[in-house]
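1. Show me how the following folds:
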Amino acid sequence: MSQTKKQREWYLKNKVRLIVKIKTLREINGRILSEKEKESARKRHYKNRERNIMLHKEWKSQNKQRMKDLAFKSNLKIHFNLTVEQYYTLLKNQNGVCYICEKEDPKHNLSVDHDHKTGEIRGLLCMSCNLKLGWFEKHNTNIFKYLKIC
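-> The predicted structure is shown next:
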């Protein structure tokens, strides 16, 4: 069954949360839960749903930097199988600048550039170079055709 673009975007956006929820339902402290325990956990969760949501929102508002750090860490792990230490090693090897334009991007972390076919990491790019390279990779055959005509 094929997914629509919206379904795919929702899944990618909520992937970490879904994985954590599934794992939590499956095991607690490394012990596999029985079906009865799983059902009990579900009931407890839905019974206290409003309270849990309120507490979670409160915790998030008090820990904004930690949330950013956790999101950064999990995105690196899920999408590129990189640790934060490996990311900063790459950054240090590039002297903290974009691999292409050699400029710093103080507002954003540099993006991890990778080959979409092999998954091989090529380097870290600023947002501008990453977007341009992505566009070029998508349209390169048309560009080369055009250049041959001219």
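
2. part of a helix, is T89?
-> Yes. Under DSSP: H, G, I helix; E, B strand; the rest coil, T89 sits within a helix.

3. Okay, it and L82: tell me how far apart.
-> Applying CB to CB, to the nearest Å, the value for T89 to L82 is 10 Å. For every residue, glycine as well, the C-beta is placed using N, CA and C.

4. which of these two has more neighbours?
-> Using other CB atoms under 10 Å, the more surrounded residue of T89 and L82 is L82, with 19 against 12.

5. how near is that one to I100?
-> Distance of L82 to I100, given as CB to CB: 19 Å.

6. I'd guess E102 is in a strand, am I close?
-> No. When classified by three-state DSSP, E102 is found to be coil rather than part of a strand.

7. what number of residues lie near M67?
-> 13.

8. swap that for S111, sorry
-> S111 has 19 neighbours, counted by other CB under 10 Å.

9. Then S34?
-> Neighbours around S34, by other CB under 10 Å: 9.

10. Against N48, how distant is it?
-> Note on S34: its distance to N48, by CB to CB, is 21 Å.
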